[in-house]
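J.: Provide a 3D model corresponding to the input given below.
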Amino acid sequence: MLRFLTAGESHGPALTGIIEGLPAGLPLNVEAINRELHRRQAGYGRGGRMQIERDQVEILAGMDKGATTGAPLALRIENRDWVNWRDKELPPQTIPRPGHADLAGAMKYGVQDLRIISERASARETAMRTGIGAVAKALLGEFGIHLGGFMNEIGGVQGEVPDLPLTRLFELAEGSEVRCPDPAASQAMKERIDQARLEGDSLGGIFTVAAIAVPVGLGSHVHWDRRLDGRLAQALMSIPGVKGVEIGAGFRTACLTGTQVQDEISYREGKVVRASNRAGGLEGGITNGEPVVVRAAMKPIPTTLTPLRTVDLATGKPARTQYQRSDICAVPAACVVGEAMLAWVLADALVEKLGGDSLAEMRARAEALWGSQT
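T.: A predicted model of the protein is given here:
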């Protein structure tokens, strides 16, 4: 029902995005989108590129008088670093970097210059995804759905997530340079990042993204590709560097018994409630009214100050990777991108459930479905 495409290279003039299927009449605040772009750029352990870019979105089409028109929405984010590269004569890149798309992409597309692959495969593309996710958040917000995220672990340093409402955890994360709601762990994570920088290395980690007040009935059990948990896993796994996704208690449930895992059901004040949320807000691929909670594991960035063994495709001889400007740890930024992808999948499922060509139609149908739902 909703779809988007992005285009652009890491050091090209700009990133562009097109969103199709948005209802007419959705108010959009450009500054709210820019705040999401800033959140992605922030974070302890980011590299020099973030000192150059000042990401801001320009809406080129699909909006009139501050609201969507029902036509495709076109977005643009300028790459300020492009001016530093556009006139340079660069030799072909022939030394593939382990962990990057360089070698596999070059073999797939039959290109000799690995830079053609790396420019598009770069995580710079996630800036546009963050902007698109901000639009999805705006749509979800019209129906009272709120999203956020926080860090669980960086480089082996684990945070103790306080037993607090998700909204409070989101607030605490916003006040941390590593997006961790545990102050002591935040400091330890920063020190671990500093250590990795001195060692010429990089770090991965684990983050959580969640959505609150998601209504019952998004997604479906009837076909494999309509199950919302599968759609969420694909969306989160599409973020560069993410190698694992779990929903709710996830992998931990494999070590428990059935009676320890299930979320028992009861009535409270006339409403069906669950005593826990180990399922992460999804049962049978359908939202069940509990918060949707997803965790993702991101590997360390493969670009490191310390050279790695590889080969030079031009000579066929052994070689070492050549360091290019990079982050030490980008997991807090990936958390923001994770929020964007969670928002996108939920917004798509919401449009699928409600239908309608305008926001007014969607609201009327939501009221009919959920206004008196228990």
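J.: for the rest of this, base every contact and every neighbour count on C-alpha atoms.
T.: OK.
J.: how about the helices in the stretch 151-300 of the chain?
T.: Under the criterion DSSP state H, counting those that start in this stretch, helices of the stretch 151-300 of the chain are mapped to 166-174, 183-198, 228-237, 258-261.
J.: helices and strands around the shortest one, which ones?
T.: Meaning helix 258-261. Identification of packing neighbours for helix 258-261 by 3 or more CA pairs under 8 Å, 6 or more residues apart in numbering; DSSP states H and E yields no helix or strand.
J.: that helix - what's its average pLDDT?
T.: The average pLDDT within helix 258-261 is 94.
J.: tell me the buried residues in it?
T.: For helix 258-261, the neighbour count (16 or more other CA atoms under 10 Å) marks Val261 as buried.
J.: which stretches of the stretch 1-150 of the chain have low pLDDT?
T.: Where the stretch 1-150 of the chain drops to pLDDT under 70, the residues are 47-53, 85.
J.: now do the strands in it.
T.: Taking DSSP state E, counting those that start in this stretch as the criterion, the stretch 1-150 of the chain contains strands spanning 3-7, 14-20, 57-61, 63-64, 67-68, 73-78, 146-154.
J.: Leu90: which of these is closest?
T.: Ranking the strands of the stretch 1-150 of the chain by proximity to Leu90 (CA to CA) places strand 14-20 first, at 19.5 Å.
J.: returning to that earlier point: could I get the strands of the stretch 1-150 of the chain as TSV with distance to Arg325 and mean neighbour count?
T.: Below are these laid out as TSV (distance: least, CA to CA, whole Å; neighbours: other CA atoms under 10 Å):
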stretch	distance to Arg325	mean neighbour count
strand 3-7	22	14
strand 14-20	19	20
strand 57-61	24	16
strand 63-64	37	16
strand 67-68	38	18
strand 73-78	19	20
strand 146-154	21	26
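J.: between those strands, which one is nearest to Arg115?
T.: strand 3-7 (16.1 Å).
J.: relative orientation of the helix ranked longest in the chain and strand 146-154 in degrees?
T.: Looking across the chain with DSSP state H, the single longest helix is helix 331-354. In terms of direction (axes from the mean of the first three to the mean of the last three CA atoms, to 10 degrees), helix 331-354 departs from strand 146-154 by 150 degrees.
J.: helix or strand right after helix 331-354?
T.: helix 359-370 (DSSP states H and E).
J.: so for that following helix, what's the average pLDDT?
T.: Mean predicted confidence for helix 359-370 is 96.
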